[in-house]
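Engineer: what would the 3D arrangement of this be:
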Amino acid sequence: MRILQIINSLETGGAEKLILDTIPHYVKAGIKMDLLLFWDDDQPFVKALRALDCCNIIILKTSSNKKDIYSPGHIFKLKKILKNYDIAHVHLFPAQYFAVFAKMLSGAATKLVFTEHNTTNRRIQNKLFKPVERFIYSKYHKLVCITEEIVEIYARYLGSKDKLALIHNGVDLSKIKTAVRYAKQAILPRLTPADKIIIQVAAFRPQKDQATLIRSLVQLPDEFKLLLVGVGDCLEACKELVATLKLQHRVFFLGQRMDVPRLLKSADYVVLSSHYEGLSLASIEGLASGSPFIASNVPGLREIVEGAGLLFDEGDAAGLAQHILALDQDPALYSKVVTRCEEQAERYDISLMVDKHIEVYRSL
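Structural biologist: Sure thing, here's the model as predicted:
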């Protein structure tokens, strides 16, 4: 069985990180798996996967222009490649569309699987896109949904659950558990041992809400410092907000990092402020970090965090700050939340997810 994973790129993001982390596990399980990217500009995730030497990486376009992801020419290149694989597992838009068109043009017998990573898809709510979306989904043999809520959304939209498979995302928990904590000044020379570190690991995209986390710092004492890991289109707006609030001495942008487990282990509080999620890998990593995990009370986070970590209302900077202060002032509560978070994380080990995907592949 030869499987091709197809995704727009391996730029920072949850779906992209999932590809990086899972392919070695599939190969170890005896699955022949390769990866196709529409675009790359020497991304760190690509370098990391190459270093593992576990799969072929096919890149259709290398350039400095991320918009090359959307080039229709990829369809014709993909058409020639698909027939070499039994299954193509597709992630994100426009890969979702391009894979269908390439299969139609090629006449390949390749079975198509698509993972729906988010609870929100504006195209299924758009009158112009609705018939197109239904057509695209009809060409997939299996639709993997990463949360129960996504299953319900697409069961209503498609009128049936026949093609749907519920498979929660997973994280390699061993990487988090065995990560070695940094001394604070090893992260940044400006940090001191007395500083209390808050961290968020997330791409700077409209879906995320780093702005609320930044604003929460105004209501916290000066010893609380914020580390923001990630890159993306909204990064500059967040930097401007930090300057406006005069928080440059307390908020630090670390860019894309490959040592996230160590950074999480070094933080005192892990936060994910967002407007919506699918089943966020960052949230599972946060739960497993050994620090309290605090997240927005929004779809895709509520289901994972409730009863383990702490939730604050979307956009409520004051509520977020109050949670952090309550934990800081009550060591017993701090320890209780950490224990609950770690127990919850065990439900999302990567091996469980990989086994379920292999079952789907073998059923096709």
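Engineer: quick one: the strands in the stretch 251-364 of the chain, in order.
Structural biologist: For the stretch 251-364 of the chain, the strands defined by DSSP state E, counting those that start in this stretch occupy 251-255, 269-272, 293-296, 310-312.
Engineer: out of those strands, deepest packed?
Structural biologist: Comparing the strands of the stretch 251-364 of the chain on average neighbours per residue, with mean count of other CB atoms under 10 Å, the densest one is strand 293-296 at a mean of 30. No exception for glycine: its C-beta is placed from N, CA and C like everyone else's.
Engineer: remind me what it packs against, helices and strands.
Structural biologist: strand 269-272, helix 281-288, helix 302-305, strand 310-312, helix 317-329 (3 or more CB pairs under 8 Å, 6 or more residues apart in numbering; DSSP states H and E).
Engineer: sheet-wise, list the partners of that strand with their directions.
Structural biologist: In the sheet, strand 293-296 lines up against strand 269-272 (parallel), strand 310-312 (parallel) (DSSP bridges).
Engineer: name the helix or strand for Glu236, please.
Structural biologist: helix 235-244 (DSSP states H and E).
Engineer: next, the angle from that helix to strand 251-255.
Structural biologist: 160 degrees (axes from the mean of the first three to the mean of the last three CA atoms, to 10 degrees).
Engineer: packing partners for helix 235-244?
Structural biologist: Judged by 3+ CB pairs under 8 Å, 6+ apart, the packing partners of helix 235-244 are helix 210-216, strand 251-255.
Engineer: just the strands in the stretch 1-150 of the chain please.
Structural biologist: 2-7, 32-37, 57-59, 87-91, 111-116, 142-145.
Engineer: identify the residues contacting the fifth one?
Structural biologist: So that's strand 111-116. Contact with strand 111-116 is made by 15, 86-91, 96, 99-100, 103, 137, 139-146, 150, 154, 278, 360-361, 364, as judged by CB atoms under 8 Å, 6 or more residues apart in numbering.
Engineer: buried ones from the residues you listed, can you make that a PyMOL selection?
Structural biologist: Selection command for PyMOL covering only the buried members of the contacts of strand 111-116, criterion 16 or more other CB atoms under 10 Å:
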select buried, resi 15+87+88+89+90+91+96+99+100+103+137+140+142+143+144+145+146+150+154+278+360+361
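Engineer: contact partners for Lys208?
Structural biologist: Neighbours of Lys208 in contact, by CB under 8 Å, 6+ apart: Ala202, Gly232, Cys234, Ser273, Ser274, His275.
Engineer: how about the second one: what's its closest non-neighbour residue?
Structural biologist: Just to be clear, that refers to Gly232. Leaving aside its chain neighbours, Gly232 sits nearest to Phe204 (3.3 Å; criterion: CB to CB, 6 or more residues apart in numbering).
Engineer: how much space between the nearest residue to Glu343 once chain neighbours are set aside and Ile350?
Structural biologist: Of all residues not flanking Glu343 in the chain, Ala308 sits nearest, at 7.1 Å (CB to CB, 6+ apart). Noted for Ala308: a distance of 19 Å to Ile350, by CB to CB, to the nearest Å.
Engineer: stretch 127-135 - what's its average pLDDT?
Structural biologist: The average pLDDT within stretch 127-135 is 84.
Engineer: quick one: low-confidence parts of the protein?
Structural biologist: 120 (pLDDT under 70).
Engineer: could you redo the last one with a cut-off of 80?
Structural biologist: 12, 118-130, 278-279 (pLDDT under 80).
Engineer: mind giving me the domain split of this protein?
Structural biologist: 2-170+349-363, 173-348 (automatic domain parsing).
Engineer: hang on, the earlier thing: could I get the contacts of Lys208 as a markdown table with neighbour count and distance to Pro299?
Structural biologist: Output for the contacts of Lys208, formatted as a markdown table (neighbours: other CB atoms under 10 Å; distance: CB to CB, whole Å):
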| residue | neighbour count | distance to Pro299 |
| --- | --- | --- |
| Ala202 | 25 | 16 |
| Gly232 | 19 | 21 |
| Cys234 | 18 | 20 |
| Ser273 | 26 | 14 |
| Ser274 | 25 | 10 |
| His275 | 17 | 9 |
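Engineer: now, which of those residues sits nearest Phe129?
Structural biologist: His275 (20.7 Å; CB to CB).
Engineer: thinking again about what came up before, pipe the contacts of Lys208 into JSON lines and attach distance to Val113 per row.
Structural biologist: Formatted as JSON lines, the contacts of Lys208 follow (distance: CB to CB, whole Å):
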{"residue": "Ala202", "distance to Val113": "26"}
{"residue": "Gly232", "distance to Val113": "27"}
{"residue": "Cys234", "distance to Val113": "31"}
{"residue": "Ser273", "distance to Val113": "32"}
{"residue": "Ser274", "distance to Val113": "26"}
{"residue": "His275", "distance to Val113": "27"}
